[in-house]
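Novice: fold the following.
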Amino acid sequence: QVQLVESGGGLVQPGGSLRLSCAASGFTLEDYYTIGWFRQAPGKEREGVSCLRDGSTYYADSVKGRFSISRDNTKNTAYLQMNSLKPEDTAVYYCAAVDFLRALTCMSGGVYDYWGQGTQVTVSS
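Specialist: Numbers count the residues shown, from 1 in each chain. From the prediction side, this is the model:
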């Protein structure tokens with residue numbers, strides 16, 4: 001059974017850091033898998049946060065310089081390091097994966113085949 005499981009969310013103060021993990025099971029997270037991180041805040045649409053495709057990384061303008069996406073294929077896991085967190089980063093964060101992505105962008109949720117269940121990130125003092 002193909003699964004992505006996120007972890008690492010929680011409550012953090014503004015300016016703090018969190019590292020989200022996305023563990024894959026049922027398939028091997030090879031380099032030909034594009035990884036995406038998305039988030040959805042209450043009352044808002046889901047938005048692309050970051051993606052990792054063919055060794056290249058992409059970030060939403062709102063998180064550039066603060067977030068970093070990475071992967072460790074030996075652990076079958078992808079990560080999203082989030083620094084200098086702001087209250088507006090509060091959302092449920094989802095990871096997603098797709099193999100042999102042909103679409104022009106990896107920041108659109110519609111191109112992904114596999115999704116995790118999400119992990120809550122709350123930034124508040």
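Novice: please count neighbours and contacts with C-alpha atoms only from this point.
Specialist: OK.
Novice: quick one, strands of this protein?
Specialist: 3-7, 10-12, 18-25, 33-40, 47-53, 56-59, 67-72, 77-82, 91-99, 114-115, 119-123 (DSSP state E).
Novice: and these: which comes nearest M107?
Specialist: M107 lies closest, by Cα to Cα, to one member of those: strand 47-53, at 5.1 Å.
Novice: what's the angle from the closest one to strand 91-99?
Specialist: Using axes from the mean of the first three to the mean of the last three Cα atoms, to 10 degrees, the inter-axis angle of strand 47-53 relative to strand 91-99 is 30 degrees.
Novice: please state the offset of strand 47-53 from the chain centre?
Specialist: Distance, stretch centre to chain centre, for strand 47-53: 6 Å (Cα atoms, centre = their mean, to the nearest Å).
Novice: quick revisit: do you know which of the strands of the chain lies nearest S108?
Specialist: Of these, nearest to S108 by Cα to Cα is strand 47-53, at 6.3 Å.
Novice: show me what that closest one is in contact with.
Specialist: For strand 47-53, the external contacting residues (Cα atoms under 8 Å, 6 or more residues apart in numbering) are 32-40, 57-60, 63, 68-70, 106-109.
Novice: in its sheet, what does it sit against?
Specialist: Strand 47-53 pairs in its sheet with strand 33-40 (antiparallel), strand 56-59 (antiparallel), by DSSP bridges.
Novice: now those strands as a markdown table including mean pLDDT and mean neighbour count?
Specialist: Listed next are those as a markdown table, based on pLDDT from 0 to 100; neighbours: other Cα atoms under 10 Å:
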| stretch | mean pLDDT | mean neighbour count |
| --- | --- | --- |
| strand 33-40 | 97 | 24 |
| strand 56-59 | 97 | 16 |
